[in-house]
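**Student:** Have a look at this prediction, sequence included:
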Amino acid sequence: MRHVLPALFAITLALPVHAEQTVHQFSLYVSGIKAGNIRTDIRLNGSAFSVSGVLNPSSLLRTIRDVGYAGQSAGTHRNGTYSPRRYSAQTKTGSRNSQVKMRITDGIPSVDAYLPEREKRPHDITPADQKGVIDPLTAAATVFSDQTSKTLCNQMIDMFDGRRLSKLTLAPATIMGNSATCKGTYSRVAGFSPDDMQERVNFPFSLLYTRTDADTFRLMSFTTQTTFGSLRAKRK
């Protein structure tokens, strides 16, 4: 679950009442069994954006692995592109609980805090060397937001969560009538433990969009592989 698009969401940020708000909610299923819910709340106010998100696991999923996520990100938004400037999150993966506060300036991250603290390890990477990254929540907002045929998929997104570098690779979309399918891969790149890298590096996923007007596509569902089964998310 720790690789799921991100990794995901909710703590609402207060913005002026005239801000444009879009809420995305998905039900999660692991091997066909209800596993929880994802919610993201994206707000645009001029060239500024904020996004909050939460992943709430079901009680059944908690018996398998204690996972969860709550985070928030904010920055600028121009021409459909999100450029985060600050990010904070609390994450549970089953093997670790962590809290992070991070700033991103011109695509270069600076970690203000990552808890619990620990001694440096051989696989650790230096945040300042990870130029051109965005945080996992902003990556989720990028994928969840409505797209046009020109912006749909066909991109690579480098993500940094404060310790680990990963990548989303999206192939060009296949559009058939009012539906569009995007194939992609989530890849662990650096900063992961040797055990994580030995366990698995690449996780394929598929996104299904539906046309809502002449040239707007909305994400309706996605599927991916996890370390404990196939996961499907369906828009509520």
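**Tutor:** Sure, I can see it.
**Student:** Counting by contacts, list what the lowest-mean-pLDDT helix or strand in the chain packs against.
**Tutor:** Lowest on mean pLDDT, DSSP states H and E among the helices and strands of the chain sits helix 59-64, with a mean of 78. Using 3 or more CB pairs under 8 Å, 6 or more residues apart in numbering; DSSP states H and E as the contact criterion, the secondary-structure elements in contact with helix 59-64 are strand 33-45. Quick note: C-beta positions are derived from backbone N, CA and C, even for glycine.
**Student:** where do the helices sit along this protein?
**Tutor:** Shown for the chain, the helices assigned by DSSP state H span residues 59-64, 136-144, 194-199.
**Student:** CSV please, covering these and showing mean neighbour count and distance to residue 32.
**Tutor:** Supplementary listing: the helices of the chain in CSV, determined by neighbours: other CB atoms under 10 Å; distance: least, CB to CB, whole Å:
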stretch, mean neighbour count, distance to residue 32
helix 59-64, 13, 12
helix 136-144, 27, 23
helix 194-199, 12, 23
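**Student:** Show me the one of those helices that comes nearest residue 214.
**Tutor:** The closest of the helices of the chain to residue 214 is helix 136-144. By CB to CB, the value is 20.9 Å.
**Student:** sorry, back to before: could the helices of the chain be laid out in JSON lines, adding distance to residue 130?
**Tutor:** Converted to JSON lines, the helices of the chain look like this (distance: least, CB to CB, whole Å):
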{"stretch": "helix 59-64", "distance to residue 130": "31"}
{"stretch": "helix 136-144", "distance to residue 130": "13"}
{"stretch": "helix 194-199", "distance to residue 130": "17"}
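**Student:** Select, out of these, the one closest to residue 42.
**Tutor:** The closest approach between residue 42 and any of the helices of the chain, judged by CB to CB, belongs to helix 136-144 at 5.3 Å.
**Student:** What residues does the closest residue in space to residue 128 that isn't next to it in sequence make contact with?
**Tutor:** Residue nearest to residue 128 in three dimensions, not counting chain neighbours: residue 108, with 6.0 Å by CB to CB, 6 or more residues apart in numbering. Residue 108 sits next to 127-128, 130-131 when contact means CB atoms under 8 Å, 6 or more residues apart in numbering.
**Student:** Residue 227: which of the helices of the chain is closest?
**Tutor:** If you check each of those against residue 227 by CB to CB, helix 194-199 wins as the nearest, at 6.4 Å.
**Student:** Rounded mean pLDDT for the closest one, please.
**Tutor:** Per-residue pLDDT values over helix 194-199 give a mean of 94.
**Student:** need the strands for this protein, in chain order.
**Tutor:** For the chain, strands defined by DSSP state E occupy the ranges 20-30, 33-45, 48-57, 67-78, 81-93, 97-105, 108-115, 153-160, 165-172, 174-176, 179-190, 202-213, 216-226, 229-235.
**Student:** Quick check: which of those strands is buried the most?
**Tutor:** Each of the strands of the chain was scored by mean neighbour count; the highest is strand 48-57, a mean of 23, by mean count of other CB atoms under 10 Å.
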